[in-house]
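Chemist: Mind looking at a prediction? Sequence and model below.
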Amino acid sequence: MTARRSQTWQTWDMTSTTGLRARVRAELVQEIKQEARRQLAQAGAPALSLRAVARQLGMASSAIYRYFPSRDQLLTALIIDAYDTIGAATEAADAACERQDFSGRWRADCNAVRNWALEHPHEYALVYGSPIPGYRAPEDTIGPASRVTLALAAVVRDAAAAGALREPFVPECAPALSTAAANEAERLGPVALPGVPEDAIVRALVAWTQLFGIVSFELFGHLAGVVEDINALFEQAVTDICAFVGIAMAGQEGRSWHRGADRANESDLGRSPGALRG
């Protein structure tokens, strides 16, 4: 009985010790990343140094390598954290909307991206700014980096499935979809936008770049001295981008955005979009 009790206590003690070590390690990893973020804000990603981080934390230079064997591994951890937090913010904003309110979801997602960027400018610059010389992002970053894109794609995909995706152009102003662009849409469609017409896939991709373009212009000061009311510009841009994709804003659901008949003839220069009919 005594031996069994002793063995139980030994097992509990080992488990407790292992759990304590794991918690201490996790806390130290967070401290290292927090100090690294502070240094990013001060000097930028290219200047990030493991030795400098260790010095500020009062660690031996050799000790920090037990947690992050290289500067690039620390950068990767920061990049994954940034992508995950902006992705989580966007997903939460989307989840708070009614599923059939496609324009509301689109607006919420776009505003979540902008709000996160304004609150975390240096982390935004880390993942959406200039490439870091000598750094190559590993595959571990692909999933987190896709979260915002997939949230936006889900709005377009759900709108298409509900028959709420419209052709935003009048027939005489509708641009032809080039064969090369259509091929790209055909390749990407099954990945994130199944069931969405090729022309709408291309517009959704363009909208994705437009969103991050205007956020980056604001964050990096390119609108300073040009635009006085950036909030108004952003809100209008979100409305315009939404319409460009083909998602009707509130109050416009009954408006006809259909192209009418598809163009009868296709040329080597392009082929007609396959707009959804509703």
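Modeler: In hand now; what should we look at? Treat the numbers as computed from the prediction; the structure is a model and nothing was measured. Numbering: from 1, shown residues only.
Chemist: Tell me where this structure is predicted with low confidence.
Modeler: For the chain, applying pLDDT under 70 flags the ranges 1-17, 250-278.
Chemist: Quick one: the helices in it, in order.
Modeler: Counting by DSSP state H, the chain has helices at residues 2-43, 50-57, 61-64, 71-95, 102-119, 121-128, 142-145, 147-161, 179-192, 198-219, 230-245.
Chemist: Columns mean neighbour count and distance to residue 136 on top of these, output as TSV?
Modeler: C-beta coordinates here come from the backbone N, C-alpha and C atoms, glycine included. Output for those, formatted as TSV (neighbours: other Cβ atoms under 10 Å; distance: least, Cβ to Cβ, whole Å):
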stretch	mean neighbour count	distance to residue 136
helix 2-43	12	18
helix 50-57	17	18
helix 61-64	14	22
helix 71-95	19	8
helix 102-119	21	24
helix 121-128	19	14
helix 142-145	15	13
helix 147-161	21	20
helix 179-192	15	23
helix 198-219	20	21
helix 230-245	17	31
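Chemist: Save the ones you listed as JSON lines, and put in distance to residue 172 too.
Modeler: Formatted as JSON lines, these follow (distance: least, Cβ to Cβ, whole Å):
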{"stretch": "helix 2-43", "distance to residue 172": "51"}
{"stretch": "helix 50-57", "distance to residue 172": "60"}
{"stretch": "helix 61-64", "distance to residue 172": "64"}
{"stretch": "helix 71-95", "distance to residue 172": "35"}
{"stretch": "helix 102-119", "distance to residue 172": "26"}
{"stretch": "helix 121-128", "distance to residue 172": "37"}
{"stretch": "helix 142-145", "distance to residue 172": "39"}
{"stretch": "helix 147-161", "distance to residue 172": "24"}
{"stretch": "helix 179-192", "distance to residue 172": "20"}
{"stretch": "helix 198-219", "distance to residue 172": "16"}
{"stretch": "helix 230-245", "distance to residue 172": "18"}
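Chemist: I'd like to know which of the ones you listed lies nearest to residue 168.
Modeler: Within the helices of the chain, the stretch nearest residue 168 is helix 230-245; the backing value is 5.5 Å (Cβ to Cβ).
Chemist: Would you mind pulling the contact partners of the closest one?
Modeler: 103, 106-107, 110-111, 114, 156, 165, 168, 200, 203-204, 206-207, 210-211, 214, 218, 223, 227, 249, 252 (Cβ atoms under 8 Å, 6 or more residues apart in numbering).
Chemist: what's the distance between it and the middle of its chain?
Modeler: In terms of Cα atoms, centre = their mean, to the nearest Å, the centre of helix 230-245 is found 18 Å from the chain centre.
Chemist: burial count for residue 97?
Modeler: 17 (other Cβ atoms under 10 Å).
Chemist: Can you report phi and psi for it?
Modeler: In terms of degrees, to the nearest 10, the main-chain angles of residue 97 are phi -100, psi 160.
Chemist: wait, what's in contact with it?
Modeler: Neighbours of residue 97 in contact, by Cβ under 8 Å, 6+ apart: 104, 105, 108.
Chemist: give the contact list for the second one.
Modeler: For residue 105, the contact set (Cβ under 8 Å, 6+ apart) comprises 94, 97, 99, 155, 158.
Chemist: Serialize those residues to a markdown table and add fields for distance to residue 133.
Modeler: A markdown table is the format used below for the contacts of residue 105 (distance: Cβ to Cβ, whole Å):
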| residue | distance to residue 133 |
| --- | --- |
| 94 | 35 |
| 97 | 40 |
| 99 | 44 |
| 155 | 36 |
| 158 | 40 |
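Chemist: with these in mind, which one is nearest to residue 145?
Modeler: residue 94 (17.3 Å).
Chemist: What distance do you get for the closest one to residue 23?
Modeler: 33 Å (Cβ to Cβ, to the nearest Å).
Chemist: next one: stretch 65-75 to chain centre, how far?
Modeler: Using Cα atoms, centre = their mean, the mean C-alpha position of stretch 65-75 is found 24 Å from that of the whole chain.
Chemist: which residues are contacting it?
Modeler: Applying Cβ under 8 Å, 6+ apart, the contact partners of stretch 65-75 are 25, 28-29, 32-33, 36, 45, 48-50, 53, 77, 126, 132, 135-136.
Chemist: where's residue 167 relative to residue 177, distance?
Modeler: Distance from residue 167 to residue 177, counting by Cβ to Cβ: 12 Å.
Chemist: Give me the nearest residue to the residue nearest to the spatial centre of the chain, chain neighbours excluded.
Modeler: Centroid-nearest residue in the chain: residue 148, 2.9 Å away (criterion: Cα atoms, centre = their mean). Distance criterion Cβ to Cβ, 6 or more residues apart in numbering; nearest residue to residue 148, sequence neighbours excluded, is residue 90 at 4.9 Å.
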